[in-house]
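>>> Structure for the following, please:
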Amino acid sequence: MSSVLALAVALALPGTALAAPHGKVKAGKRGTLTQLEGRRGCLVDRSRRTASCGRARALKGPGPFMGSRAIAVSPDGRNVYVAASRSDAIVVFRRDRRTGALSQARGRAGCIAAGGGSSCATAIGLDGPNSVAVSPDGRNVYATSRASSSIAAFRRNRKTGALMQLPPTSAGCFSALPIPGCAAGRALAGADVVAVSPDGASVYAGSFFGNAVAVFSRDASAGGTLGQAAGSAGCIAEAGGEGCATAIALGAVEGLAVSRDGASVLAASAVSNALAVLTRDPASGALSQAGDGSGCIAAALAGCAAGRQLEGANAVATSPGNGVVYVTSLLANSLTVFQPTTASAGLTQKGGTAGCVVWLRSVGCGFGQAMSAPEGVAVSPDGRSVYVASFRTGALDVFDRNRETGSVAQKPGTAGCLARKSEPICARGRALGGVSSIAVSPDSRFVYTTSFFSNAVDVFRRQR
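Got it, this is the predicted structure:
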């Protein structure tokens, strides 16, 4: 559907649909985004000529279509890390905590890449990196790479932000492929997303082609080294493949998050059209799934609770405070909302329009503007906003959030999204072609996105 037609449909909808009311969600300026001016508002790979953005090395293809967590801010707020799939690199940006602006150091301190390309530090197992995560103590960075079916481990210099891969003797890389220098890993085929538990004791990797989640123990006292246990403790997969524990609703894992209390791991599965709820053993990090129907929510899958608008589920985020969960789904063009159940450790989708927001319109759901092919999702640390990255429309969608109930409502008018000029219903944004991943700074003052087609990282100031 063209942008003009989309605008016409939006204007034809009743005012209640445009407002998408979900209870007491207060609108206002809080959460509104403004892109930083000039070259501070976006950085693009140096191979692309542009006068309106700054330039960076090894930034080709950040946040690929397969991968919705390609950008991360360090817990101390000093650095931003980006997985650049076409550069086979992790880009290191220094962050000005006052202005939010990013800069890149020269030479090896500014990036780490397969074979040391673009004058970066050298790494192995970074063929098509698509997801990156920083440990809670800020000492390590972990990255998955789809083409090399791997997870790589890096030591982080907490003063400069520079990365150095852990040596092969310390398992600096696990792969499902026979890559020199990488240890053999299970349940890593098409590794698509990585997440670290809040206690820093476990690292999880979602496998798109393996229909699985790989489980790694993390030894902080040994520099953040990883280890994968044998048998079912080391992974969980559909049909129990590769000796893993058995689960359902893990077809093409593309999104992953660990609950704030560390009790569960949540997996968004694109082919299963589902959100899988995996119970985490806090001592070992091992995962299991309840067999009573509370272990997954799906559009239509035997053994799972019924959910709405989950076709192509591909990103998941948890909220601070009340544990509400948000999922974006590519094929449904949706943002769905789930709340913890009181009777078990599971989740249930909110009823009515509070449970789903859909691009253009869907019966029983709220209305989402410019939200075609949503990929990434993030909740601000203060719990007041939810942000969605929409790949096809090149839009960053802005939602107000009720901190008590978790309900969301997209901001009205142009405050509800930033996009390229092809989306006239949104405020204008630069270098947003194929926007896919989102990170919010620890102080909730700035938002950062990756844009695959623009080969860019974009920087926004957030109204608090």
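>>> ok, now how distant is the nearest residue to Gln349 once chain neighbours are set aside from Gln228?
Using C-beta to C-beta, 6 or more residues apart in numbering and skipping the chain neighbours, the partner closest in space to Gln349 is Gly355 (4.5 Å). In short, each C-beta sits where N, CA and C put it, glycine included. Remark: distance between Gly355 and Gln228 (C-beta to C-beta, to the nearest Å) = 36 Å.
>>> ditto for Leu256
Using C-beta to C-beta, Leu256 is found at 16 Å from Gln228.
>>> so what's the backbone phi/psi at the most centrally placed residue in the chain?
In the chain, the residue lying closest to the centroid (C-alpha atoms, centre = their mean) is Arg69, at 2.9 Å. Main-chain torsions, Arg69, degrees, to the nearest 10: phi -140, psi 60.
>>> is it true that it touches Val132?
Yes: contact criterion C-beta atoms under 8 Å: Arg69 and Val132 qualify, at 7.2 Å.
>>> Overlap in contacts, these two.
Shared contacts of Arg69 and Val132 (C-beta atoms under 8 Å, 6 or more residues apart in numbering): Val194.
>>> Cys53 reaches Arg40, doesn't it?
No: with contact defined as C-beta under 8 Å, Cys53 does not reach Arg40; the gap is 9.1 Å.
>>> Leu256 and Gln228 - which one has more neighbours?
The neighbour comparison of Leu256 against Gln228 (other C-beta atoms under 10 Å) goes to Leu256, with 26 against 22.
>>> name the helices or strands packed onto whichever strand or helix holds the more buried one?
Leu256 is part of strand 253-258, with elements assigned from DSSP states H and E. Identification of packing neighbours for strand 253-258 by 3 or more C-beta pairs under 8 Å, 6 or more residues apart in numbering; DSSP states H and E yields strand 191-196, strand 202-207, strand 212-219, strand 264-269, strand 313-318, strand 325-329.
>>> Can you lay out these as TSV showing distance to Leu177?
Below are those laid out as TSV (distance: least, C-beta to C-beta, whole Å):
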stretch	distance to Leu177
strand 191-196	10
strand 202-207	13
strand 212-219	14
strand 264-269	22
strand 313-318	24
strand 325-329	29
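>>> For Asp397, find the nearest of those strands.
strand 325-329 (9.7 Å; C-beta to C-beta).
>>> in that closest one, what's buried?
Across strand 325-329, burial judged by 16 or more other C-beta atoms under 10 Å covers 325-329.
>>> neighbouring strands for it, and are they parallel or not?
strand 313-318 (antiparallel), strand 334-340 (antiparallel) (DSSP bridges).
>>> quick check, distance from that strand to the centre of its chain.
Centre-to-centre, strand 325-329 and its host chain are 10 Å apart (C-alpha atoms, centre = their mean, to the nearest Å).
>>> Now do the contacts for the closest residue in space to Val457 that isn't next to it in sequence.
Closest residue in space to Val457, ignoring its immediate chain neighbours: Leu43 at 5.1 Å, by C-beta to C-beta, 6+ apart. Neighbouring residues of Leu43 by C-beta under 8 Å, 6+ apart: 53-56, 59, 93, 102, 104, 456-457, 459.
>>> Please flag which of those sit within strands.
Secondary structure defined by DSSP state E assigns 54-56, 93, 102, 456-457, 459 of the contacts of Leu43 to strands.
>>> Widest-spaced pair of the residues you listed?
It's Arg55 and Val459 that sit farthest apart of these, by C-beta to C-beta, at 14.1 Å.
>>> Comparing the two, which residue is more hemmed in?
With neighbours defined as other C-beta under 10 Å, Arg55 and Val459 compare such that Val459 has more, 26 against 15.
>>> got a pLDDT number for the more buried one?
Looking at Val459, its pLDDT is 98.
>>> can you check Asn157 too?
On pLDDT, Asn157 comes in at 97.
>>> go on, Leu7?
Looking at Leu7, the pLDDT reads 30.
>>> quick revisit: nearest to Gly243, out of the helices and strands packed on strand 253-258?
Gly243 lies closest to strand 212-219 among the helices and strands packed on strand 253-258, at 10.9 Å (C-beta to C-beta).
>>> Summarise which helices and strands the closest one is packed against.
The contact analysis (3+ C-beta pairs under 8 Å, 6+ apart) places strand 212-219 against strand 202-207, strand 225-227, strand 235-238, strand 253-258.
>>> Could you pull up the contacting residues of the residue nearest to Gln349?
Shown in contact with Gly355 (C-beta under 8 Å, 6+ apart): 308, 336-338, 349, 365.
>>> Got a ChimeraX select line for the buried ones in the residues you listed?
Here is the ChimeraX command that selects the buried residues among the contacts of Gly355 (16+ other C-beta under 10 Å):
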select :308,336,337,338,349,365
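>>> where's the residue nearest to Gln349 relative to Val215, distance?
Distance of Gly355 to Val215, computed by C-beta to C-beta: 30 Å.
>>> likewise Val337?
Note on Val337: its distance to Val215, by C-beta to C-beta, is 28 Å.
>>> can you count the residues close to Thr34?
14.
>>> about what we covered before: I'd like a version of the helices and strands packed on strand 253-258 in CSV, one that adds mean pLDDT as further columns.
Listed next are those as CSV, based on pLDDT from 0 to 100:
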stretch, mean pLDDT
strand 191-196, 97
strand 202-207, 98
strand 212-219, 98
strand 264-269, 97
strand 313-318, 96
strand 325-329, 98
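>>> circling back to that earlier point, can you tell me which of the contacts of Leu43 lies closest to Ser294?
Nearest to Ser294 among the contacts of Leu43: Val457, at 38.7 Å, using C-beta to C-beta.
>>> shouldn't that closest one be in contact with Arg95?
No: at 11.0 Å, Val457 and Arg95 do not qualify as touching, with contact defined as C-beta under 8 Å.
>>> count of residues packed around Arg392?
By other C-beta under 10 Å, the residues close to Arg392 number 16.
>>> just to revisit the earlier point, can you lay out the contacts of Leu43 as TSV showing distance to Ala302?
Formatted as TSV, the contacts of Leu43 follow (distance: C-beta to C-beta, whole Å):
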residue	distance to Ala302
Cys53	49
Gly54	51
Arg55	52
Ala56	48
Leu59	44
Phe93	46
Leu102	47
Gln104	50
Ala456	43
Val457	42
Val459	45
